[in-house]
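> coordinates only, sequence not included:
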């Protein structure tokens, strides 16, 4: 049988097949080797890793680890830093004892320490004994020298305590002195106002026509007519009372319907009469009376008047020997003036009236107040703005709640309120016998154990449960002591009150608030110019 001829392509395919097998086997071997190497690298023994870390650590300079260096008990760096800290303390003590030479020498060595430590930190090199030894030796000698001079901590502490105590005593004395001077300045009558009062009194005494005009005004039916709006002002300050009246009429829609009842003392009666009869207040009716003309208001009827005339009470107010720190407050003459207590006798001063608005002489009216006469007091006697937005103005601040009579009748957290702009329903006043309640509490306080001074504490007792809260914007307080009263609140206020010692007619007044008051002063008036009232 004849054999088939050999196909040359078959032989070529066999050769390529063998080549593919060899290449595939080599590639598989290479992959296995690579995987095995990577696996071994990931599973190095802990000892190998630790060895590599140690090798890396040894390649880093030791001086760079300053934390370990400072924590080491045998470290030169730490010893140097400790010496420097101690030296700094002795520099302060040496200066305190006025040993400037020692302080200077210590400062030189401290500077040398700082330079050496800075160089060590920046260059990463540990300080050497040769570098440290001369500085430490010098510091040791200087510190020893300081100790020999008794510059030790105990002595310094005692001296500083003595100095602190001395400074506290000086600060307390300065505070008392400042309060005293401030109170005296607040009580003093400015030269210009004294001049104005004197000139007005002379004009009143020498002008019969002026007196006749006033006599005719006294018989006006408006004074007792309840269809008009009646305001009460009790003051011995002509210019202050004038601003209250002028600001009220200037902001009233119908000023001719306003009636003002002013009461002053004997000294200022003529000046008040002259001023309010000489000047026009937009047709408003103004009555001026002398507190001494109320003969029924005597010591047998009014307990407070009896107390004010008492020698012991006057000694308490003017000497204040029991509490030197608070004595200044008690020396204000207004607490001994009956004008300050007339607010509790309004129904008896004006028996024909049914409702009045009471205004202090240190307020400025910025809006029409006639709407106050239509406020519903819900049967209460007193309409007032409450002041208890902070705990400072609650009853416990003004009254002695350790006294059983106060503790058993009143809530210490009851909300306080302010005098200065009050609406009084005189019909409800008489029905509740408010004046009788006032007399009762004044008699209970004859020994001054319920409250110390002022008219607000007895007012809080007298009108307790008889006060209707009014909108806060009707009466803005604090312009006589608080420099941080919100300007928007002032602008929106119907009445702004300069309560405090910094009255607007004094040099003590805060300049930021004075324009609200000066707006209603006619500085072009001949008498004000003659008396240099600015």
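Here it is on my side, so go on. Here the structure is a predicted model, which means the values were calculated and not measured. Residues are numbered from 1 along each chain as shown.
> the strand or helix carrying residue 114 packs against which elements?
Using DSSP states H and E, residue 114 sits in helix 100-123. Applying 3 or more C-beta pairs under 8 Å, 6 or more residues apart in numbering; DSSP states H and E, one finds that helix 100-123 contacts helix 76-96, helix 129-148. Quick note: C-beta positions are derived from backbone N, CA and C, even for glycine.
> buried residues of the last one, list them for me.
What it means is helix 129-148. Judged by neighbour count (16 or more other C-beta atoms under 10 Å), helix 129-148 contains these buried residues: 131-132, 135-136, 138-139, 142-143, 145-146.
> check stretch 212-231 too.
By 16+ other C-beta under 10 Å, the buried positions in stretch 212-231 come out as 214, 217, 222-223, 228-231.
> how about stretch 463-476?
463, 466-468, 470, 474-476.
> for residue 205, state which of these is nearest.
Using C-beta to C-beta, residue 475 comes nearest to residue 205 of the buried residues of stretch 463-476, at 38.0 Å.
> now for the nearest residue to the closest one once chain neighbours are set aside: which residues touch it?
The shortest distance from residue 475 to any non-neighbouring residue, by C-beta to C-beta, 6 or more residues apart in numbering, is to residue 385 (3.9 Å). Neighbour list for residue 385: 417-418, 421, 469-472, 474-475, 477 [criterion: C-beta atoms under 8 Å, 6 or more residues apart in numbering].
> try 10 Å this time
Neighbouring residues of residue 385 by C-beta atoms under 10 Å, 6 or more residues apart in numbering: 417-418, 420-422, 469-477, 493-495, 497.
> got the phi/psi numbers for residue 260?
Main-chain torsions, residue 260, degrees, to the nearest 10: phi -110, psi 130.
> what about it, distance to residue 120?
Distance from residue 260 to residue 120, counting by C-beta to C-beta, to the nearest Å: 86 Å.
> now residue 498
In terms of C-beta to C-beta, residue 498 sits 67 Å off from residue 120.
> what's the answer for residue 524, then?
For residue 524 relative to residue 120 (C-beta to C-beta), the value is 80 Å.
> which one of these two is surrounded by more residues?
residue 120 (21 against 7; other C-beta atoms under 10 Å).
> what about the more buried one, distance to residue 137?
As judged by C-beta to C-beta, residue 120 and residue 137 stand 19 Å apart.
> which parts of the protein are strands?
Applying DSSP state E to the chain gives strands spanning 229-234, 258-264, 285-290, 355-359, 363-365, 382-384, 421-425, 467-469, 495-497.
> pick out whichever of the buried residues of helix 129-148 sits closest to residue 509.
Using C-beta to C-beta, residue 146 comes nearest to residue 509 of the buried residues of helix 129-148, at 55.0 Å.
> who's in contact with that closest one?
With C-beta under 10 Å, 6+ apart as the criterion, the residues that contact residue 146 are 86-87, 89-91, 93-94, 97, 99, 102-103, 106, 152.
> for stretch 385-400, buried residues please.
385-388, 393-395, 398-400.
> among those, which two are most distant?
385 and 400 (24.9 Å).
> residue 128: neighbouring residues, count only.
Using other C-beta under 10 Å, residue 128 has 11 neighbouring residues.
> can you tell me the closest non-neighbouring residue to it?
Leaving aside its sequence neighbours, residue 128 sits nearest to residue 76 (C-beta to C-beta, 6+ apart; 7.6 Å).
> and the one you found, how close does it get to residue 117?
Counting by C-beta to C-beta, the gap from residue 76 to residue 117 is 10 Å.
> list residues touching both of those two?
By the contact definition C-beta under 10 Å, 6+ apart, residue 76 and residue 117 are jointly contacted by 127, 132.
> check the gap between the closest residue to residue 416 other than its chain neighbours and residue 384 for me.
Of all residues not flanking residue 416 in the chain, residue 393 sits nearest, at 4.2 Å (C-beta to C-beta, 6+ apart). From residue 393 over to residue 384 the distance is 12 Å, taken as C-beta to C-beta.
> what residues are shared contacts of the two?
Common contacts of residue 393 and residue 384 (C-beta under 10 Å, 6+ apart): 416-418.
> ok, of the residues you listed, which one's closest to residue 457?
Among the shared contacts of residue 393 and residue 384, residue 416 lies closest to residue 457 (C-beta to C-beta), at 9.7 Å.
> is it true that that closest one touches residue 456?
Yes: here residue 416 reaches residue 456: they are 7.7 Å apart, a contact under C-beta atoms under 10 Å.
> between those two, what contacts are shared?
The contact sets of residue 416 and residue 456 overlap at 387, 393, 398 (C-beta under 10 Å, 6+ apart).
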